[in-house]
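Visitor: Structural data only, the sequence is not supplied:
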């Protein structure tokens, strides 16, 4: 394990913020040539870093602190009534863990999700090489969790297994199956999976009030 103070970091030039209009952002990256083991990665996650593909980063904006890293202490989480409704709607869903990979089935679901949910974002249009660089390449800790009902693929949750928790990297799901609240269900399932693994936290990314 390397002391975080010994790591090299790089910053990007200012660029348009992906989250807040009319704001400029700076991103801090861990040197991509540095070997980051699971212990280092876990320590970086604990201080607010996230992963995209093989890059580990966090916002580093001089005049803004709107991006607040969020992790849920799973021992303190208590589902609310609306969460129980979501769990009931998905009671027949079977989840299995698989290695990260690009398959026709995965990409078809991802393509439909991006098309309907994020057509105004920088991941549109979905491309197989972008899927690989974003979700398949990167870390040995990564898992693809398949959510299926009667064999039909409903969602895929991409997560990294850390020393102190699980980091939810990305979830894509059937955009037409709105009744199930599949995005919420995936997070509820990951919370329980984290608890089963006797880990402390589910890392969820950045919360931005506006």
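Guide: Received the coordinates, thanks. Model, not experiment: these values are computed from the prediction.
Visitor: so where do the helices sit in this structure?
Guide: With DSSP state H as the criterion, the chain has helices at 38-46, 81-89, 104-117, 128-131, 182-196.
Visitor: now the most centrally placed residue in the chain: how far from residue 53?
Guide: Nearest residue to the geometric centre of the chain (C-alpha atoms, centre = their mean): residue 169, 1.6 Å. Distance of residue 169 to residue 53, given as C-beta to C-beta, to the nearest Å: 10 Å. Backbone N, C-alpha and C define where each C-beta goes, glycine included.
Visitor: who touches both of the two?
Guide: residue 135 (C-beta atoms under 8 Å, 6 or more residues apart in numbering).
Visitor: and this protein, what are its domains?
Guide: Per the record, the chain has its domains at 4-69, 72-207, by automatic domain parsing.
Visitor: Verify the stated contact: residue 69 with residue 167.
Guide: No: between residue 69 and residue 167 there is no contact under C-beta atoms under 8 Å: 10.7 Å.
Visitor: quick one, which of these two is more surrounded?
Guide: residue 167 (26 against 17; other C-beta atoms under 10 Å).
Visitor: List the beta-bridge partners for the more buried one.
Guide: residue 160, residue 203 (DSSP bridges).
Visitor: Please list all residues in contact with it.
Guide: 45, 50, 51, 159, 160, 202, 203.
Visitor: Name the residues of stretch 143-163 that come out as buried.
Guide: Neighbour-count burial for stretch 143-163 flags 143-147, 153-163 (criterion: 16 or more other C-beta atoms under 10 Å).
Visitor: Same check on stretch 6-16?
Guide: Here stretch 6-16 shows no buried residue, counting by 16+ other C-beta under 10 Å.
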